[in-house]
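Enquirer: I'd like to go over a predicted model; first the sequence, then the structure.
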Amino acid sequence: MSDKNIHADFATAATPIGPFTAVVDADGAVLASGWTADAALLTGLIHASLRPSEVRQRDSLGAVTRAIADYHSGDLTAIDAIPVRQRSGEFLSHAWDVLRKVPAGEPVTYTEFAAVAGRPAATRAAANACARNAAALFVPCHRVVRIGGALGGFRWGLDAKRWLLAHERAE
């Protein structure tokens, strides 16, 4: 836990694949998000140096809540401009930036993701970047699949990952 008195807000929105909660900092950057109504679960995913000491529930997070609704309604680029704040080592931070550039409807394999992230031999490290991503949807780790198209893992369940990939393919 950080020594600072950091405040954050969260809101939960209904989506076709269940409740989606986002936790944002005072600047409106997403600290954590996912298909859950449990804000405490998400707060636990936030790096200790960014973790808020207080999290307040809101009805809406403005642009973030609009982007969640718009994405799920078919505007697949709605999430692109939303700022995200995650912290980790150099490779994970870079890998998360790379994930934000994977286009909707064009999933990549873990091997391709590792290569684009600058470590072609580090497929496991690339998979770890997906697994440790706290800002699901906004850092679209669901767009990374296994060679041959198998889904691989997803913190929010394979049914959610399958829906997201189909949603992006349909547009």
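Expert: Happy to help now that I have it.
Enquirer: buried sites along the helix or strand where His167 lies?
Expert: Using DSSP states H and E, His167 falls within helix 158-170. By neighbour count with 16 or more other CB atoms under 10 Å, helix 158-170 contains the buried residues 160-161, 163-165, 167-168. C-beta: built from backbone N, CA, C; applies to glycine.
Enquirer: Also stretch 58-78?
Expert: Those would be 61, 64-65, 67-69, 71-72, 76, 78, for stretch 58-78 by 16+ other CB under 10 Å.
Enquirer: What is the end-to-end distance of stretch 136-149?
Expert: 20 Å (CA to CA, to the nearest Å).
Enquirer: All the helices of this protein, residue numbers only.
Expert: Ranges of helices within the chain are 39-43, 63-73, 90-99, 110-116, 123-131, 158-170, based on DSSP state H.
Enquirer: Apart from its chain neighbours, what residue comes closest to Val55?
Expert: Ala8 (5.1 Å; CB to CB, 6 or more residues apart in numbering).
Enquirer: Verify the contact between that neighbour and Pro52 for me.
Expert: Yes - contact criterion CB atoms under 8 Å: Ala8 and Pro52 qualify, at 3.7 Å.
Enquirer: joint contacts of the two?
Expert: 23, 25, 31, 43 (CB atoms under 8 Å, 6 or more residues apart in numbering).
Enquirer: could these go into JSON lines alongside pLDDT, distance to Cys141 and neighbour count?
Expert: Listed next are those as JSON lines, based on pLDDT from 0 to 100; distance: CB to CB, whole Å; neighbours: other CB atoms under 10 Å:
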{"residue": "Val23", "pLDDT": "98", "distance to Cys141": "17", "neighbour count": "27"}
{"residue": "Asp25", "pLDDT": "96", "distance to Cys141": "20", "neighbour count": "17"}
{"residue": "Leu31", "pLDDT": "98", "distance to Cys141": "16", "neighbour count": "27"}
{"residue": "Thr43", "pLDDT": "96", "distance to Cys141": "19", "neighbour count": "18"}
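Enquirer: Thought Ser93 was touching Ala129, still the case?
Expert: No - in this structure, Ala129 is not within contact of Ser93 by CB under 8 Å, at 9.1 Å.
Enquirer: of these two, who's got more company?
Expert: Neighbour totals were compared for Ala129 and Ser93, and Ala129 leads with 27 against 13 (other CB atoms under 10 Å).
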